[in-house]
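Trainee: Pasting the sequence and the predicted coordinates here, then a few questions.
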Amino acid sequence: MCGIIGVVGSDETLATLLQGLQRLEYRGYDSAGIALVRAGHTWRARTAAGTESVAALRVECEAAPQNCRSGIGHTRWATHGAPEAENAHPHLDCSGHVAIIHNGIIENHAELREELRARGHLFTSVTDTEVVAHLVEELRARGLELLDAVRQALLRVRGAFAIAVMDASEPDVIVAARRISPLVVGTAPGVCYLASDVPAILDRATAFYAVNDDEIVRLGPEGFRAVDLEGAPVRLRQLQIDWDLETAEKGGYDDFMSKEIAEQPDAVRATLLDRRRRDGTIAFDELRISDQELREVRRVVLVACGTSLHAAQVAKYAIERWARLSVDVDIASEYRYRDPVVEIGTLVIGVSQSGETIDTIQATREAQRRGARVVAISNIVDSSLAREADAVIYTRAGLEVSVASTKAFVAQVAALELLALRLAQLRETLTPEEIESLLEGLHDVSGHIATVLSRRGDVDAVAAQLLDAHDYFFIGRHVGFPTALEGALKLKEITYLHAEGYAAGELKHGPLALIEPGVIVVAVTTDVNMHEKILSNVAEVKARGATVIAVATDDDDQIDAVADFVVRVPATDPMFTPMIDIVPLQLLAYSLARGLGRNVDRPRNLAKTVTVE
Ligand code: F6R
């Protein structure tokens, strides 16, 4: 996954590209590059300096030609070819006139490369992308204008792409196209933009348009026109964008992660807003699926990855308990390859912050192919997942920039629990009074998160004493289990320390062998129904020398006797605890990562949106 940006017709081409690349770095930052076109000449600069790639590129660009009115830029997350400057985008054809940037994977690149080599093309990188530059070169040599050359080149490729192509001999034109990987087009008077996402061009463009799969767009100073793969004209749909730029900035915090952790009360509140009609029914305006269809659901399957998977695991407990439906949770990257059974009445819920995670999209596509109805839970309006699903519920967490997901998780749990209550309402598995009381509890979550945030000093004090620790186990029972999994994921992502999440009852079946002095066990003990059992598990690890940090409710008067450190949270219905208990675990990971000098927003080897399988 990579970030792409392009501009044509601008007096501020270089500044636009560099600023956009900075905002796109969350999509990958192994290397970065720019190509500018002027008077029949293509100028290119590329750097491979890891997290400093865009900064290094800025320096390189001091030598860029002045007054270039069009250009393209790329920030890379390496798939084919090491993260080195020669594999950084843009890639050029043999003549050096055609420049191309690409996000995605060209699956048949090896056979195309062989074919092009046999015809005399010289390759300067080992990327999959470069084949497209040479294909376009051949088609241009046959006299095709750039739009047609790109269109015909794309007929030859298999795989995923958001692509932008320039040719120095047609300097006022950029041709962009999309299949699977995200792409938006923006316009302002006399200028056209393209980017992987809206924030990259948010303060430059005044109108934004979505490009669909297999659409090709020709951008020029006069505007854009789009065609499909056959060359037939298509209209791009205009997007309603209500983000301001501040949403994409750090807002006074040291980094995006602490800003996003602090935004969690709002993320939950916004996600729950306006979801109830006067008569008490729960309603999702954007859910394009009828009550009758929801009533006919017989089984629910949730598919997701990473943090979203943990939110899905919480939802399993809620849907089963409240709506009395059988629920499975699948790792999205496994789902489509294991020949899943989709019976009549199966509802598949794809959970994805970005809505662009290819594993999740492929899983929901597979489910649709097998006849399931698909609901997307997405944080990004008009994301690919949202568009392809039969129905969508948007979390309203706002733009999440930090690679480690935080506010998206609590918003996903809130949205999924609301959906669980809607299913219960339709299936009449809870009384109106029970639903009312649970809804009240759900609305209180936001305030409880704020309380936990106000105690952040307690977590920092614990973290300060643990900077030498290397091994962590996170344990919990019931919904405390997915909370433990998510706590462990946060810790390993941003501290690079070993951390595992376990169902507390499972420890004795193997992992207990690893518990010894020096190991830290973080126990989620807030579930009132499981309290005695989890305390026994804590005693088991304590007896083997572990240091125990407990996340415990304010009214727990037993925990101090068994834990070394206690972090307190307000007590709620167990089903809501993941949204509250995860906060001290995020803060613990954050505080340790800062103490260890890690880059919390951009952990090594990761990227915010994973658009490769
Ligand atoms: C972890 C994290 C990832 C994502 C995963 C799915 O902090 O951010 O595990 O949760 O890559 O991403 P989405 O939700 O965009 O599908």
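Mentor: Nice, I can see it.
Trainee: Where do the helices of the stretch 201-350 of the chain begin and end?
Mentor: Along the stretch 201-350 of the chain, counting by DSSP state H, counting those that start in this stretch, helices occupy 256-262, 264-272, 291-295, 306-318, 332-335.
Trainee: Can you say which of these is nearest to the ligand?
Mentor: Closest to the ligand of those, according to Cβ to the nearest ligand atom: helix 306-318, at 1.8 Å. All C-beta spots, glycine's among them, are computed from the backbone N, C-alpha and C.
Trainee: so where do the strands sit in the stretch 451-600 of the chain?
Mentor: For the stretch 451-600 of the chain, applying DSSP state E, counting those that start in this stretch gives strands covering 471-476, 498-503, 520-524, 547-553, 565-569.
Trainee: Show me what counts as buried in the first one.
Mentor: Neighbour-count burial for strand 471-476 flags 471, 472, 473, 474, 475, 476 (criterion: 16 or more other Cβ atoms under 10 Å).
Trainee: which non-adjacent residue is nearest the second one?
Mentor: The spatially closest residue to residue 472, leaving aside those adjacent along the chain, is residue 499, at 4.0 Å (Cβ to Cβ, 6 or more residues apart in numbering).
Trainee: List the contacts of that neighbour.
Mentor: Residues in contact with residue 499 (Cβ atoms under 8 Å, 6 or more residues apart in numbering) are 471, 472, 473, 474, 487, 488, 489, 491, 492.
Trainee: Tell me which other helices or strands the helix or strand hosting residue 75 touches.
Mentor: If you go by DSSP states H and E, residue 75 is part of strand 70-76. Using 3 or more Cβ pairs under 8 Å, 6 or more residues apart in numbering; DSSP states H and E, the elements in contact with strand 70-76 are strand 3-8, helix 13-24, strand 31-38, helix 53-60, strand 98-106, strand 159-167.
Trainee: Export these as a markdown table, with columns for distance to residue 404.
Mentor: Shown next, in a markdown table, are the helices and strands packed on strand 70-76 (distance: least, Cβ to Cβ, whole Å):
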| stretch | distance to residue 404 |
| --- | --- |
| strand 3-8 | 18 |
| helix 13-24 | 18 |
| strand 31-38 | 22 |
| helix 53-60 | 20 |
| strand 98-106 | 21 |
| strand 159-167 | 24 |
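Trainee: Mean neighbour count, those: which tops it?
Mentor: Each of the helices and strands packed on strand 70-76 was scored by mean neighbour count; the highest is strand 3-8, a mean of 30, by mean count of other Cβ atoms under 10 Å.
Trainee: hey, C-alpha coordinates of it in PDB?
Mentor: Below are the C-alpha coordinates for strand 3-8, written out as PDB (Å, rounded to 0.1, in the frame of the first residue of the first chain):
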ATOM      1  CA  GLY A   3       0.000   6.900  -1.300                       C
ATOM      2  CA  ILE A   4      -0.300   8.700  -4.600                       C
ATOM      3  CA  ILE A   5      -0.900  12.400  -5.500                       C
ATOM      4  CA  GLY A   6      -1.000  14.400  -8.700                       C
ATOM      5  CA  VAL A   7      -1.700  17.900  -9.800                       C
ATOM      6  CA  VAL A   8      -2.100  19.600 -13.200                       C
END
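Trainee: Mind listing the strands that strand pairs with, and their directions?
Mentor: Strand 3-8 has its sheet partners listed here by DSSP bridges as strand 70-76 (antiparallel), strand 191-195 (antiparallel).
Trainee: Out of the ones you listed, which one sits most buried?
Mentor: Most buried among the strands paired with strand 3-8, counting by mean count of other Cβ under 10 Å: strand 70-76, with a mean of 30.
Trainee: could you point out which element follows that one?
Mentor: Moving toward the C-terminus from strand 70-76, the next helix or strand (DSSP H and E) is strand 91-92.
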